[in-house]
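J.: Sharing a model that was predicted from the sequence below.
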Amino acid sequence: MPADALLFSNSRPPGAEVPFAHAAGPLRDHLGHRTVWFVGWARHDLDAYTGWVADALADVLGPVDLRGLHREPDPAATIREADPARETVLVGGGNTFRLRRRTGDNGVLAALRERDDLRYAGASAGSNLACPTIMTTNDMPIVDPGGLDALGRLPVQVNPHYLDPDPHSAHRGETREERIAEFHEENALAVVGLREGAWLFRSGDRLTLDGHTARLFRRGHEPTELAAGTDLSWLLETPTS
């Protein structure tokens, strides 16, 4: 069974001055005293991004041994050789297509698939990468990702930053709900639309929503509102229904 996975809609909820402050407790429990390998390939400036995340985590958790995986001579080997009792992975947000392309090119995606015994945390694009595919990302395809398949740490899809339709908006493009309906015209996997401040936590055969509300979309069903604290473990058994 895969190791624990903690998947955030975002790292900076509206109104929060300190990134990750809304989830300090779960992050502290999840990261523990492990070395954290930070996967920042969703962004362009990897050193700046790694430094920003290190500072943010230190502000809310105290000292964290966070290391940029991009600085390793062989990032994929670092993942393959990681000790699950002492090391974990944190995958940052940004552009999901770029993250999929770069981790595919450098072998980290394959290494993470092999090492599902490593604890995994992700935010935004990093949460998309934990799904069976990246097809429910909100991002623009700025690069050819080299494939849409992802890690499958959950058997369901996540849509981070889920936005409810605004009846007063002048926007005439598809709403997030309509885009997910399009996904279900072609695919059967359930989709959890995580509103800002929400996260999913998988531990063994248990899956829970916390932090904030979310919306569940299943093909052939009306969307369902989910309260913080909802037990979604049944989705691990029947992810396509």
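T.: Now that the structure is in, tell me what you want to look at.
J.: Check which helices and strands the helix ranked longest in the chain sits against.
T.: In the chain, assigned by DSSP state H, the helix with the most residues is helix 46-61. Judged by 3 or more C-beta pairs under 8 Å, 6 or more residues apart in numbering; DSSP states H and E, helix 46-61 is in contact with helix 24-31, strand 35-39, strand 66-68. C-beta: built from backbone N, CA, C; applies to glycine.
J.: Buried ones in that helix, by neighbour count?
T.: 46, 49-50, 52-54, 56-57, 60-61 (16 or more other C-beta atoms under 10 Å).
J.: likewise stretch 65-73?
T.: For stretch 65-73, by 16+ other C-beta under 10 Å, it's 66-70.
J.: Of those, which is the nearest to residue 85?
T.: residue 67 (16.9 Å; C-beta to C-beta).
J.: hang on, the earlier thing: right, and the pair among the buried residues of stretch 65-73 with maximum separation?
T.: 66 and 70, at 12.5 Å, using C-beta to C-beta across those.
J.: Residues in contact with both of these two, list them for me.
T.: Between them, residue 66 and residue 70 share these contacting residues under C-beta atoms under 8 Å, 6 or more residues apart in numbering: residue 50.
J.: The closest residue to residue 52 other than its chain neighbours: what's it in contact with?
T.: Excluding the flanking residues, the one nearest residue 52 by C-beta to C-beta, 6 or more residues apart in numbering is residue 19, at 8.0 Å. For residue 19, the contacting residues are 11-12, 52-53, 56, 59-60, by C-beta under 8 Å, 6+ apart.
J.: Tell me the confidence at residue 19?
T.: At residue 19, the predicted lDDT confidence score is 85.
J.: Mind listing the residues bridging to the closest residue to residue 50 other than its chain neighbours?
T.: What sits nearest to residue 50 in space, not counting adjacent residues and going by C-beta to C-beta, 6+ apart, is residue 68, at 3.8 Å. With DSSP bridges as the criterion, residue 68 is bridged to residue 38.
J.: Okay, residue 68 and residue 124: tell me how far apart.
T.: Using C-beta to C-beta, to the nearest Å, one gets 18 Å for the distance from residue 68 to residue 124.
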